[in-house]
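Novice: Pasting the sequence and the predicted coordinates here, then a few questions.
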Amino acid sequence: MHGYRFKEEAGERMLLLNTEMRQGLGGSVFAGLLFFAAGRVFDARPGSGDAWMPAIGTGLEFGGGARIEFGWRLDDGSKSVQVLFR
């Protein structure tokens, strides 16, 4: 999830909720993105918690495939910004 380190929380099961809004920009090959995600683990492993981990972000999509996304944790603001290319 955006804003969180890989395997920051670990457990036997997890739940991830994600919603995204994509809006084309003026008939061009570009689209703007907004998203919200929240996840948590169940039966947390030692050293992990089981609280919800919410994140938000924005991005730009190029030609229906390549994307650049900027996301951050809701509880940490600009200190947790991650940039993802895919």
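Specialist: Thanks, I have the structure now.

Novice: SS state for the residue sitting nearest the centre point of the chain?
Specialist: Nearest to the geometric centre of the chain sits residue 2, at 3.5 Å (CA atoms, centre = their mean). Each residue gets one of three states, and residue 2 gets coil by DSSP: H, G, I helix; E, B strand; the rest coil.

Novice: so it touches residue 55, yeah?
Specialist: Yes - at 4.5 Å, residue 2 and residue 55 qualify as touching, with contact defined as CB atoms under 8 Å. Yep, even glycine has a C-beta here, placed from its N, CA and C like the rest.

Novice: Pull up the overlap in contacts between those two.
Specialist: By the contact definition CB atoms under 8 Å, 6 or more residues apart in numbering, residue 2 and residue 55 are jointly contacted by 37, 71-73.

Novice: Residue 85: which of those is nearest?
Specialist: residue 71 (12.4 Å; CB to CB).

Novice: What distance do you get for the closest one to residue 13?
Specialist: According to CB to CB, to the nearest Å, residue 71 and residue 13 sit 23 Å apart.

Novice: Pick out whichever of those two has more residues nearby.
Specialist: residue 71 (21 against 9; other CB atoms under 10 Å).

Novice: check contacts around the more buried one.
Specialist: Residue 71 neighbours (CB under 8 Å, 6+ apart): 1-3, 35, 37, 55-58, 81-82, 84.

Novice: Tell me where this structure has strands.
Specialist: 11-24, 30-44, 53-62, 66-73, 82-85 (DSSP state E).

Novice: So which elements touch the shortest one?
Specialist: If you count contacts as 3 or more CB pairs under 8 Å, 6 or more residues apart in numbering; DSSP states H and E, strand 82-85 packs onto strand 66-73.

Novice: In the strand it packs on, which residues are buried?
Specialist: Buried residues in strand 66-73, counted by 16 or more other CB atoms under 10 Å: 67, 69-73.

Novice: low-confidence ranges in the protein?
Specialist: Regions of the chain meeting the criterion pLDDT under 70 cover residues 77.

Novice: Please export the C-alpha coordinates of stretch 40-59 as PDB.
Specialist: Coordinates of each C-alpha in stretch 40-59 appear next as PDB, following Å, rounded to 0.1, in the frame of the first residue of the first chain:
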ATOM      1  CA  ARG A  40      -5.300  -4.300   8.000                       C
ATOM      2  CA  VAL A  41      -4.100  -7.700   9.100                       C
ATOM      3  CA  PHE A  42      -5.700 -10.300  11.300                       C
ATOM      4  CA  ASP A  43      -4.000 -12.600  13.700                       C
ATOM      5  CA  ALA A  44      -1.000 -10.300  13.600                       C
ATOM      6  CA  ARG A  45       2.500 -11.700  13.900                       C
ATOM      7  CA  PRO A  46       4.700 -10.600  16.800                       C
ATOM      8  CA  GLY A  47       5.900  -7.000  16.300                       C
ATOM      9  CA  SER A  48       2.900  -6.200  14.000                       C
ATOM     10  CA  GLY A  49      -0.300  -4.400  14.900                       C
ATOM     11  CA  ASP A  50      -3.800  -5.000  13.600                       C
ATOM     12  CA  ALA A  51      -5.000  -1.300  13.200                       C
ATOM     13  CA  TRP A  52      -6.400  -0.100   9.900                       C
ATOM     14  CA  MET A  53      -3.800   1.500   7.600                       C
ATOM     15  CA  PRO A  54      -5.400   4.200   5.400                       C
ATOM     16  CA  ALA A  55      -3.700   5.900   2.400                       C
ATOM     17  CA  ILE A  56      -4.600   8.300  -0.300                       C
ATOM     18  CA  GLY A  57      -3.000   9.400  -3.500                       C
ATOM     19  CA  THR A  58      -3.100  11.000  -6.900                       C
ATOM     20  CA  GLY A  59      -1.500  10.200 -10.200                       C
END
